[in-house]
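[1] Could you work out the structure for the sequence below:
(one chain, ligands or ions: 1)
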Amino acid sequence: MFDTLSDRLSGIFTKLRGKGKLSDADIDATAREIRLALLEADVALPVVKAFIFKVKERARTAEVSKALNPAQQIIKIVHEELIAILGGEARRLEFAKTPPTVIMLAGLQGAGKTTLAGKLAKWLKEQGHQPLLVACDLQRPNAVGQLQVLGGRAGVEVYAPEPGSGVGDPVRVARDSIEHARRQMRDIVIVDTAGRLGIDQEMMQQAADIRDAVRPDETLFVIDAMIGQDAVSTAEAFRDGVGITGVVLSKLDGDARGGAALSVREVTGQPIMFASTGEKLEDFDVFHPDRMASRILD
Ligand code: GDP
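    The predicted model follows:
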């Protein structure tokens, strides 16, 4: 992840080493190269434009620092602006005043929702919570089975329609699960929903109906970091169709160019809260914008 972008940026900064004061022409040339590197990493154009504007403005008006040479100063500015587009501070989950806290997961098929549901359940259980997993992806063959396997591994109960019960309505499963959670004294309900390979109206409506049935405290949009330029339209569709309160980046272990990761905060206006970095339940962590920015500039 980010290998090409990291290499490109470090090449750009190397050229500045040994320079005395940077002229406006130096700053412009550097900004142009950073712009290209970000575009090649599939970062969305409006995000790139805003980023470059800020870097240029700050580089031009930066106080001459005794501690930092010009190259270091630009690196510092880029680092801080990367943290800003990744969301600044990490945000924690919001818990309901009256349990259960309901966390709904939304995203395209294959984004990593079901895997994430298991990871989140395990992580919350380790913190002393009593989560319940709810299988509302009744579309994808074996999504329920997959969640049951993950729930088994995490030691967390999975609420799902009985096989052969004829219950095929995910909205009903979602609604009933909240009652079940109350009876079983679960303090967190994690609702896995169905995705499609592409955005479609029916899928969005189903997610919106589930949302209305469970009134989530958090609606987390799970997005595959490998998705590239499609990140923007996908994120916008979920933002407008379901309403999201946070983002989870999945498959950060892959060799994606990083565009989705760098665009999604700005596009959705919502914080990236968790990062998924593999297929195992442990491959999961709270998202730290500063750590990711440092990784890009490593
Ligand atoms: P869903 O359709 O959104 O529920 O997606 P799944 O959770 O079924 O994930 C789709 C595929 O991606 C599965 O093969 C997962 O094992 C895999 N997967 C999920 N998250 C990650 C991740 O963070 N890294 C990697 N490498 N694979 C992942």
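[2] wait, what's in contact with P170?
    For P170, the contact set (Cβ atoms under 8 Å, 6 or more residues apart in numbering) comprises C136, D137, L138, T193, A194, Q206, I210. C-betas here are computed from N, CA, C, even on glycine.
[3] now do 10 Å
    Listed by Cβ atoms under 10 Å, 6 or more residues apart in numbering, the contact partners of P170 are 134-139, 161, 191-194, 206-207, 209-210, 213.
[4] Then I272?
    The contact partners of I272, by Cβ under 10 Å, 6+ apart, come to 86-87, 90-91, 221, 223, 246-249, 261, 264-265, 286-289, 292.
[5] For the ligand, see how far away it is.
    14 Å (Cβ to the nearest ligand atom, to the nearest Å).
[6] before we move on, what about I227?
    Taking Cβ to the nearest ligand atom as the criterion, I227 is separated from the ligand by 12 Å.
[7] same deal with R186?
    According to Cβ to the nearest ligand atom, R186 stands 21 Å off from the ligand.
[8] what kind of secondary structure is R92 in?
    Three-state assignment for R92 (DSSP: H, G, I helix; E, B strand; the rest coil): coil.
[9] Would you confirm that it contacts V286?
    Yes. Between R92 and V286 a contact is recorded at 7.9 Å, counting by Cβ atoms under 10 Å.
[10] more crowded one of those two?
    Set side by side, R92 and V286 show more neighbours around V286, with 14 against 10, by other Cβ atoms under 10 Å.
[11] how close does that one sit to G259?
    Distance, V286 to G259, using Cβ to Cβ, to the nearest Å: 22 Å.
[12] if we can go back for a sec, make a PyMOL selection of the buried ones in the contacts of P170.
    Restricted to buried positions by 16 or more other Cβ atoms under 10 Å, the PyMOL selection for those reads:
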select buried, resi 134+135+136+137+138+161+191+192+193+194+206+207+209+210+213
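[13] thinking again about what came up before, out of the contacts of I272, which are buried?
    Buried by 16+ other Cβ under 10 Å: 86-87, 90-91, 221, 223, 246-249, 261, 264-265, 287-289, 292, out of the contacts of I272.
[14] Going by distance to A31, which of the contacts of P170 wins?
    The nearest member of the contacts of P170 to A31, counting by Cβ to Cβ, is A207 at 39.9 Å.
[15] mind listing what that closest one touches?
    Contacts for A207 were tallied using Cβ under 10 Å, 6+ apart; they are 104-107, 136, 170, 191, 193-195, 219, 238, 241-243.
[16] rerun that using 6 Å as the cut-off
    A106, T193, V242 (Cβ atoms under 6 Å, 6 or more residues apart in numbering).
[17] Can you tell me the closest non-neighbouring residue to it?
    Spatially, and ignoring its direct neighbours in sequence, A207 is nearest to V242 (4.7 Å; Cβ to Cβ, 6 or more residues apart in numbering).
[18] Now the phi/psi pair for the one you found, please.
    With angles defined as degrees, to the nearest 10, V242 sits at phi -120, psi -30.
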